[in-house]
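# okay, sequence plus prediction incoming.
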Amino acid sequence: MSENAMKIVNEAGHLVVGGCDVVELAARHGTPMYLLDEEVVRDRCRQYHREFEARYPQVEVAYAGKALLTVAICRVMEQEGMGLDVASEGELYTALEAGFPPGRIKLHGNFKSESEMRRALDAGVGRIVVDSLIELEHLNAIAQEMGTHADILIRVRPGVDTHTQEKIQTGQVDSKFGLGIYSGEAEKGVQRALELPRLRLRGIHCHIGSQLLDVVGFERAIDLMLEFLAELRDRDGFVAEDLDLGGGLGVRYTEDDDPPSIAELAEAMCSTLQENLSDYALPEPRLILEPGRSIVGEAGVTVYTVGVVKEIPGIRTYVSVDGGLSDNPRPALYGAVYEAIVANKADQEATQWVRVAGKHCETDTLIDDTLVQPVEAGDLLAVFCTGAYNYAMASNYNQFLRPPVVLCSGGADHVIVERETLEDLVRHDVIPEHLR
Ligand code: LLP
């Protein structure tokens, strides 16, 4: 057995995920398939609780469902005492279908539709994170009409530039999300929220980016958020109950990634927070965190069958697998880099440099250049760290079927999302009269 928790190999030389032999799972469920190690997911939830609660009195850890949301995942999060962030009506619906306690749900979005806001109010979600001045008015009006109140946070843009992929950076001044602190818009939002009779302003929120590999951005954001909270207290008499600092902790996609541990993140965030609270003589707000990727990312493995191995002499070897862009758009979208192993030869030495290609009708490279075991058609290729933003971002491009999600728990496997069928692909198609 190797020391990396995600690269466990059994006596047969097969990769093991969550105690399950991946070769055996592929035979039963087919490929491509997403595997998710339940213990790893639960362990990450527990680490967040343990490390933050040891350093700060009041903490809510809300899993960011956008990373991977299914009804079964909601159940796991519920059992682990997590809150849940939803970013759309569909995510909200999924959570409610799972019976997730509405009071622990938080609704996000830079443009919430009326029906999203209504559904959230109707369900009685714990918080709605308001993203714009116009949304304050809309939400207040809807709450008024429904004869209810909305407990809200205001999302602000602290103006932190993080060193992450530009497309997943969100806390800087030039962003579509939230209200700017420097521009005065955020304070205006707070003042307006305090005036509107159907809104109960509970605090402020920020999220500075994703796949962050150091703690500096979090510390900077806390400094700016606390300075802002002190201003709100001094100028507007508003004292926040909640301080939501979003998600963003990175994961180890390859051996070159070295994200802080959850303990290191907790240490950096809580100490910066406590220093600021005492400098500004502010009471301790409830601290809310919204991790997504760092909860499920490393728990996921995608398993493909190798169909074709093509050597271009003097150039490289292409390994084509039975999935690609449709089950993992991240390499194409973000230049994301992954590592892989030949799951049925996991005990062999990796000696061959290959490019892993998908099977879509375009150049859908999954891994540009990676060292794997000697690979041939019929082998199983397992790509690591695909738990976050893979199934969640999957599509039916080229009418591919979305793969199943299999939860692996201590040697038992449970299908939590079934593979789509060909019938699913045309389920919503309509033939208009003139084409009949
Ligand atoms: N909270 C808010 C308000 C967010 O916008 C996000 C992610 C999170 C929490 C969770 O962030 P995490 O802990 O997962 O970094 N599709 C992209 C990632 C987009 C992230 C969007 N917001 C990717 O595949 O890298």
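Everything's here; your move.
# use CA for all of it now, contacts and neighbours both
Noted.
# pretty sure residue 33 contacts residue 300?
No. Look at residue 33 against residue 300 with C-alpha atoms under 8 Å: they stay out of range, at 10.4 Å.
# those two: which is more packed in?
residue 300 (29 against 25; other C-alpha atoms under 10 Å).
# quick check: that one touching residue 386?
Yes. Checked against C-alpha under 8 Å, the pair residue 300 and residue 386 is within contact range at 4.7 Å.
# what residues are shared contacts of those two?
Residues touching both residue 300 and residue 386 (C-alpha atoms under 8 Å, 6 or more residues apart in numbering): residue 34.
# what about residue 94, how many neighbours?
20.
# does the ligand sit close to stretch 68-87?
No. Stretch 68-87 does not reach the ligand (C-alpha under 6 Å from any ligand atom); its nearest approach is 7.2 Å.
# what's the end-to-end length of that stretch?
Start to finish, the residues bounding stretch 68-87 are 12 Å apart (C-alpha to C-alpha, to the nearest Å).
# quick check: buried residues in that stretch?
68-78, 80-87 (16 or more other C-alpha atoms under 10 Å).
# same deal with stretch 310-320?
317-320.
# can you list those residues in a markdown table and add secondary structure and distance to the ligand?
Output for those, formatted as a markdown table (DSSP: H, G, I helix; E, B strand; the rest coil; distance: C-alpha to the nearest ligand atom, whole Å):
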| residue | secondary structure | distance to the ligand |
| --- | --- | --- |
| 317 | strand | 27 |
| 318 | strand | 25 |
| 319 | strand | 24 |
| 320 | strand | 22 |
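# any chance of the residues you listed in CSV, plus pLDDT?
Converted to CSV, the buried residues of stretch 310-320 look like this (pLDDT from 0 to 100):
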residue, pLDDT
317, 98
318, 98
319, 98
320, 98
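# for the helix or strand in which residue 35 is found, packing partners?
Element membership for residue 35 (DSSP states H and E) is strand 33-37. Applying 3 or more C-alpha pairs under 8 Å, 6 or more residues apart in numbering; DSSP states H and E, one finds that strand 33-37 contacts strand 15-17, strand 300-312, strand 405-409.
# tell me which of these sits most buried.
Neighbour counts (mean count of other C-alpha atoms under 10 Å) averaged over each of the helices and strands packed on strand 33-37 peak at strand 15-17, with a mean of 27.
# ok, and what's touching that strand?
Contacts of strand 15-17 (C-alpha under 8 Å, 6+ apart): 6-10, 21-23, 35-37, 301, 343-346, 408.
# for residue 347, helix, strand, or coil?
Under DSSP: H, G, I helix; E, B strand; the rest coil, residue 347 falls in the coil class.
# phi first, then psi, for it.
phi -90, psi 0 (degrees, to the nearest 10).
# show me where this structure has helices.
Using DSSP state H, the helices of the chain run over 22-29, 38-53, 71-79, 89-97, 114-123, 133-146, 185-195, 216-231, 262-280, 293-296, 330-334, 422-426.
# hang on, the earlier thing: what about burial for the contacts of strand 15-17, which qualify?
6-9, 21-23, 35-37, 301, 343-346, 408.
# least confident pick among the residues you listed?
Among these, residue 6 has the lowest pLDDT, at 61.
# OK, contacts around the residue nearest to residue 177 when sequence neighbours are not counted?
Spatial nearest neighbour of residue 177, excluding adjacent residues (C-alpha to C-alpha, 6 or more residues apart in numbering): residue 110 at 5.9 Å. By C-alpha under 8 Å, 6+ apart, the contact set of residue 110 is 130-132, 176-178.
# OK, contacts around residue 46?
Taking C-alpha under 8 Å, 6+ apart, one finds residue 80 in contact with residue 46.
# residues touching the most centrally placed residue in the chain, list them.
For the chain, the residue nearest the mean C-alpha position is residue 67 (2.5 Å; C-alpha atoms, centre = their mean). Residues near residue 67 by C-alpha under 8 Å, 6+ apart: 292-293, 296, 387-390, 392.
# just flag the most distant two among those.
292 and 390 (12.3 Å; C-alpha to C-alpha).
# what does the stretch 301-436 of the chain have sitting close to the ligand?
330, 389.
# give me the residue from the stretch 301-436 of the chain nearest the ligand.
residue 389 (4.6 Å; C-alpha to the nearest ligand atom).
# the residue nearest to residue 177 and residue 76, how far apart?
27 Å.
# again, but for residue 355
36 Å.
# what do you get for residue 234?
Taking C-alpha to C-alpha, one finds residue 234 at 42 Å from residue 76.
# re earlier: among the contacts of residue 110, who's most crowded?
Result: residue 130 is most packed of the contacts of residue 110 (other C-alpha under 10 Å), 30 neighbours.
# need the nearest residue in space to it, chain neighbours excluded.
In space, residue 130 is closest to residue 154, 4.9 Å off (C-alpha to C-alpha, 6+ apart).
# then residue 143?
Residue 143's closest residue in space is residue 149 (C-alpha to C-alpha, 6+ apart), at 5.5 Å.
# same check on residue 211?
Residue 211 sits nearest to residue 250 (C-alpha to C-alpha, 6+ apart), 3.6 Å away.
# am I right that the one you found is in contact with residue 292?
No. Counting by C-alpha under 8 Å, residue 250 stays clear of residue 292, with 9.6 Å between them.
# looking at these two now, which is surrounded by more residues?
residue 292 (27 against 24).
# residues contacting residue 393?
327-329.
# make it 10 Å
66-68, 325-330 (C-alpha atoms under 10 Å, 6 or more residues apart in numbering).
# and the furthest pair within those?
66 and 325 (18.5 Å).
# domain ranges for this structure?
3-37+297-425, 108-291 (automatic domain parsing).
# same list (the ones you listed) but as CSV, adding distance to residue 58.
Formatted as CSV, the domains of the chain follow (distance: least, C-alpha to C-alpha, whole Å):
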stretch, distance to residue 58
domain 3-37+297-425, 26
domain 108-291, 5
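# for residue 44, find the nearest of these.
Closest among the domains of the chain, using C-alpha to C-alpha: domain 108-291, at 8.2 Å.
# average pLDDT for that closest one?
pLDDT averaged over domain 108-291 gives 95.
# hmm, it touching the ligand?
Yes. Counting by C-alpha under 6 Å from any ligand atom, contacts between domain 108-291 and the ligand involve 168, 207, 210-211, 246-249, 290-291.
# need those residues in TSV with neighbour count, can you?
As requested, these are exported to TSV (neighbours: other C-alpha atoms under 10 Å):
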residue	neighbour count
168	15
207	25
210	26
211	23
246	25
247	25
248	25
249	24
290	25
291	26
